[in-house]
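**Q** Give me a 3D structure for the following:
(chains A and B)
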Amino acid sequence: MADAAPLLEVTDLACHFMTLDGVVRAVDGVSFRIERGETLGIVGESGCGKSVTALSILRLIAKDTGRIVAGSIVFDGQDLTRLSDDRIRELRGHRIAMIFQEPMTSLNPVLTIGVQIAENVVQHMKLGWKAAMDRAVEMLRLVRVPDAERRIHDYPHQLSGGMRQRVMIAIALSCDPELLIADEPTTALDVTIQAQILELMIELKEKTGAAIMMITHDLGVVAETTQRVMVMYAGRKVEEASVTELFARPLHPYTRGLMRARPRLDVDAEEAGRRPRLQEISGIVPALNRAIPGCAFAPRCGFATEQCRGQRPPLVAAGSGHAVACWEVDRVERSGLA
Amino acid sequence: MTTPPTLEVDRLVKHFPIRKGVFGRQVGAVMAVDGVSFTVARGETLGLVGESGCGKTTVGRAVLKLVEPTSGRIRIGGEDVTKLSPAKMWPHRRRIQTIFQDPYSSLNPRMSAGSIVGEPMENFSLASGREVQERVARLFQRVGLRAEAMRKFPHEFSGGQRQRLGIARALAVEPELIIADEPVSALDVSVQAQVLNLLIDLQDEYRLAFLFISHDLAVMRHISHRIAVMYLGRIVEITDKRTLFTNPLHPYTEALLAAAPIPDPTRKRRKVILQGDVPSPANPPPGCRFHTRCPHAIAMCRTDDPPLLEVAPGHHVACLRREIGAAPDPLTPGA
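**A** Just a heads-up that it's a prediction; the model follows:
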């Protein structure tokens, strides 16, 4: 299977939103692939296009405001951008499933959780309701909701946030998807519950063999759950590498900045009572409603030159599966590590 | 002669009644804060950390007198303000300011940035007329906003700039104590660093006392001098931050530290040691409130309420196993 085509191949994807302030280039020419059974992390800050990329794959971009203007999304040999609405609906929740950040708002408040899991099964696996409810119990057990036979009759408001996210995962996995898209799945949860959910996702991935696209802003979550990572900034991919390579040898100034800006929990650098300064990334993300001719990070980058401001850097290989979009990568690397 | 701490909270209790029926009969209470004591000295940051529902925000709101405490005392610079009427509280309001989590909803959208910061100065008669403008301009510069921005409205600022504006407003009345409730949680990492650095600089410059409320341990470790860990309305451990992170003594503190994801893929993932959810504060478990999730609980923990005891200078822990001297034990190897 090593030479087989990837499960998902996204090429030059561009997704634009038409707003009163002009065309917002939310995703601006992004390419990546996900192999079967692999976990790809997508990291970036608000507005970098990571969620819009995910929504584009499922064709969930609201038609009246946004649109995929270029590129292809090939999932197991078929281009999703060209599928009819009916065909894409057959894929959603079946071969490609998604978990959202907000377990509170993505469940239907007036249906029991058993029905919400079962309706997906009835829809896609063509089972009867009785068999589907049995499947719902089985799924709840899988995501370790205690007392599953009774719990299928509960409504979402009767569950805690962590339990609701378990139900979301149960729905997502109910039809054995090949690709699971998780958009900030633990961001709204408390840290001890987050640890439980991440542990569960890692375990279920091994059990089901599904590929995961893990969208997060948290480098800790990336380090603990993914195999490969792509870093996005202002709608563009700026770096990609295996997770160990990225943390050992971050090359893009933005990736480096992200790693240094966050206070560390595991490093005991400070003297008692002394507080070292965090390394800031000065400035703010650029507005996306104007074309950015050069590197989008240039205005905030200490390495930026005329070329950076005027010409968009291509993504180039930097050894061992590492790719980076930076004109000054040699200078950046020579400047030493974080 | 010792100066009193800037803030002293003494056995603070806040129960929210649960009412039912047409006559609003009280059928129970949410024990949001249940006997919490701590002090914050001038120039010091005390971090209040815990998960949702632990009562950390209610503590902050009680100190601001936005909720009336059920019992307990709050002293500002040694003066008891717990029972003061709104009129008597007025002069103290200037001394305590707050920075909110959400810079989007805590600024009046119809006021210019300059008047948002200038208004409190006029309210407290700290300045008037032209002097207000000058002071506001100086503050803008100090928090990293351009003076021209005074004419802008909140929606014209980015999230980080709005938080700077919130900080400028808090500083406008020269407070002694700032209550910051999750002030960087809504911000992106790159902007978080800017705001944290600014807060630290301002604290050192004005010797402000900070009560810093957050669920984010990494941020806490960075900004705090001392940290109090809360669980279901109680402080379970309080000590200086170095001790807390290197030698945590309460099993809940340990679990919190173990649960936070670490940005280092070469580190082996530790086993999750905490199962289940936080019980409801309307019906907290008897005995130690943590015993239902504690991996080290013994029979006594189900019945006896552990007091917060000083186990080393400045290090207080509420755990029966510590009290009965069960240590050295497997809680923290090498502790």
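
**Q** Can you show me the strands along the stretch 151-300 of chain A?
**A** Using DSSP state E, counting those that start in this stretch, the strands of the stretch 151-300 of chain A run over residues A:179-183, A:211-216, A:228-233, A:236-242.

**Q** so which of these gets nearest residue B:141?
**A** Of all the strands of the stretch 151-300 of chain A, it is strand A:228-233 that lies closest to residue B:141, at 29.4 Å by C-beta to C-beta. All C-beta spots, glycine's among them, are computed from the backbone N, C-alpha and C.

**Q** What pairs with that closest one, parallel or antiparallel?
**A** Looking at strand A:228-233 with DSSP bridges, its partner strands are strand A:39-43 (parallel), strand A:236-242 (antiparallel).

**Q** Let's have those in a markdown table, adding mean neighbour count.
**A** A markdown table is the format used below for those (neighbours: other C-beta atoms under 10 Å in any protein chain shown):
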| stretch | mean neighbour count |
| --- | --- |
| strand A:39-43 | 25 |
| strand A:236-242 | 24 |
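
**Q** Pipe those strands into TSV and attach mean pLDDT and distance to residue B:4 per row.
**A** Shown next, in TSV, are those (pLDDT from 0 to 100; distance: least, C-beta to C-beta, whole Å):
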stretch	mean pLDDT	distance to residue B:4
strand A:39-43	97	47
strand A:236-242	97	53
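
**Q** Nearest approach to residue B:234 belongs to which of those?
**A** strand A:39-43 (36.7 Å).

**Q** what angle sits between that closest one and strand A:179-183?
**A** 30 degrees (axes from the mean of the first three to the mean of the last three C-alpha atoms, to 10 degrees).

**Q** how many other residues sit next to the residue of the stretch 201-338 of chain A at minimum distance from chain B?
**A** Per C-beta to the nearest C-beta, residue A:220 is where the stretch 201-338 of chain A lies closest to chain B, at 3.0 Å. Neighbours of residue A:220 under the rule other C-beta atoms under 10 Å in any protein chain shown: 20.

**Q** mind checking pLDDT for it?
**A** At residue A:220, the pLDDT value in this model is 92.

**Q** Equivalent analysis for residue B:203, please.
**A** 94.

**Q** quick check, it in a helix?
**A** Yes. Applying DSSP: H, G, I helix; E, B strand; the rest coil, one finds residue B:203 inside a helix.

**Q** can you pull the contacts of it?
**A** B:43, B:45, B:210 (C-beta atoms under 8 Å, 6 or more residues apart in numbering or on different chains).

**Q** What about the nearest residue to the first one once chain neighbours are set aside, how many residues nearby?
**A** Which is residue B:43. Spatial nearest neighbour of residue B:43, excluding adjacent residues (C-beta to C-beta, 6 or more residues apart in numbering or on different chains): residue B:207 at 4.2 Å. Residue B:207 has 12 neighbours, counted by other C-beta under 10 Å.

**Q** Which parts of the stretch 1-150 of chain B are strands?
**A** Using DSSP E, counting those that start in this stretch, strands in the stretch 1-150 of chain B cover B:7-20, B:25-40, B:45-49, B:71-76, B:79-80, B:96-99.

**Q** can you pull the contacts of residue 210?
**A** Just going to use chain A. So residue A:210 contacts A:37, A:173, A:176, A:177, A:178, A:179, A:180, A:204 (C-beta under 8 Å, 6+ apart).

**Q** right idea, wrong chain: chain B
**A** Going by C-beta under 8 Å, 6+ apart, residue B:210 touches B:40, B:44, B:45, B:46, B:177, B:178, B:179, B:180, B:199, B:203, B:223.

**Q** So which of those is the closest to residue A:77?
**A** residue B:223 (51.6 Å).

**Q** Does that closest one touch residue B:212 like I think?
**A** Yes. In terms of C-beta atoms under 8 Å, residue B:223 counts as a neighbour of residue B:212; the distance is 5.8 Å.

**Q** quick one: common contacting residues for the two?
**A** Common neighbours of residue B:223 and residue B:212 (C-beta under 8 Å, 6+ apart) are B:45, B:47.

**Q** Give the pairing partners of the strand or helix carrying residue B:178; include direction for each.
**A** Here residue B:178, judged by DSSP states H and E, is contained in strand B:177-181. Partners of strand B:177-181 in the sheet, by DSSP bridges, are strand B:96-99 (parallel), strand B:209-214 (parallel).

**Q** hmm, who's touching whichever helix or strand comes after the longest one?
**A** Per DSSP H and E, strand B:209-214 leads on to helix B:217-223 as the next helix or strand towards the C-terminus. The set of residues that contact helix B:217-223 without belonging to it, under C-beta under 8 Å, 6+ apart, is A:191, A:262-265, A:275, A:278, B:45, B:47, B:49, B:184, B:192, B:196, B:199-200, B:210, B:212, B:214, B:227, B:241, B:245, B:256-257, B:260.

**Q** can you give me the angle the helix or strand following helix B:217-223 makes with strand B:25-40?
**A** Per DSSP H and E, the first helix or strand lying C-terminal to helix B:217-223 is strand B:226-231. Interaxial angle of strand B:226-231 relative to strand B:25-40 (the same axes, to 10 degrees): 160 degrees.

**Q** What segments of chain A are helices?
**A** A:50-57, A:85-91, A:113-125, A:129-142, A:148-151, A:161-173, A:191-208, A:219-225, A:243-248, A:253-261, A:306-310, A:329-334 (DSSP state H).

**Q** Could I get the contacting residues of residue A:154?
**A** By C-beta under 8 Å, 6+ apart, the neighbours of residue A:154 are A:112, A:113.

**Q** Kindly report the same for residue B:287.
**A** B:300, B:301, B:302, B:303, B:304, B:305.

**Q** isn't the fourth one right up against residue B:286?
**A** Yes. Using C-beta under 8 Å, residue B:303 is in contact with residue B:286, at 6.6 Å.

**Q** what residue is smack in the middle of the chain?
**A** Since no chain was named, I'll use chain A. In chain A, the centroid-proximal residue (C-alpha atoms, centre = their mean) is residue A:215; its distance is 1.9 Å.

**Q** that's the wrong chain, I meant chain B
**A** Short answer for chain B (C-alpha atoms, centre = their mean): residue B:213, at 2.5 Å.

**Q** returning to that earlier point: what is the nearest of the contacts of residue B:203 to chain A?
**A** residue B:45 (8.6 Å).

**Q** Quick check: closest non-adjacent residue to residue B:298.
**A** Residue B:298 sits nearest to residue B:321 (C-beta to C-beta, 6+ apart), 6.6 Å away.

**Q** how about the residues of the stretch 1-150 of chain B near chain A?
**A** B:51, B:52 (C-beta under 8 Å from any C-beta of the partner chain).

**Q** Where does the prediction get shaky in the chain?
**A** Here I'm looking at chain A. A:1-3, A:266-274, A:337-338 (pLDDT under 70).

**Q** could you do chain B instead?
**A** B:1, B:269-272, B:324-335.

**Q** in it, what residue is nearest chain A?
**A** residue B:261 (3.0 Å).

**Q** wouldn't that residue be in contact with residue A:197 here?
**A** No. The pair formed by residue B:261 and residue A:197 falls short of the contact definition of C-beta under 8 Å, at 11.3 Å.

**Q** So which elements touch the helix or strand hosting residue B:163?
**A** Here residue B:163, judged by DSSP H and E, is contained in helix B:159-171. For helix B:159-171, the helices and strands in contact under the criterion 3 or more C-beta pairs under 8 Å, 6 or more residues apart in numbering or on different chains; DSSP states H and E are strand B:96-99, helix B:113-123, helix B:130-142, helix B:189-206.

**Q** so, in contact with chain B or not, stretch A:195-206?
**A** Yes. Contact of stretch A:195-206 with chain B (C-beta under 8 Å from any C-beta) involves A:195, A:196, A:198, A:199, A:202.

**Q** which one of these sits closest to residue A:54?
**A** Nearest to residue A:54 among the residues of stretch A:195-206 next to chain B, with distances taken as C-beta to C-beta, is residue A:198, at 18.2 Å.

**Q** can you tell me how far residue B:224 sits from residue A:279?
**A** When distance is defined by C-beta to C-beta, to the nearest Å, residue B:224 is 19 Å away from residue A:279.
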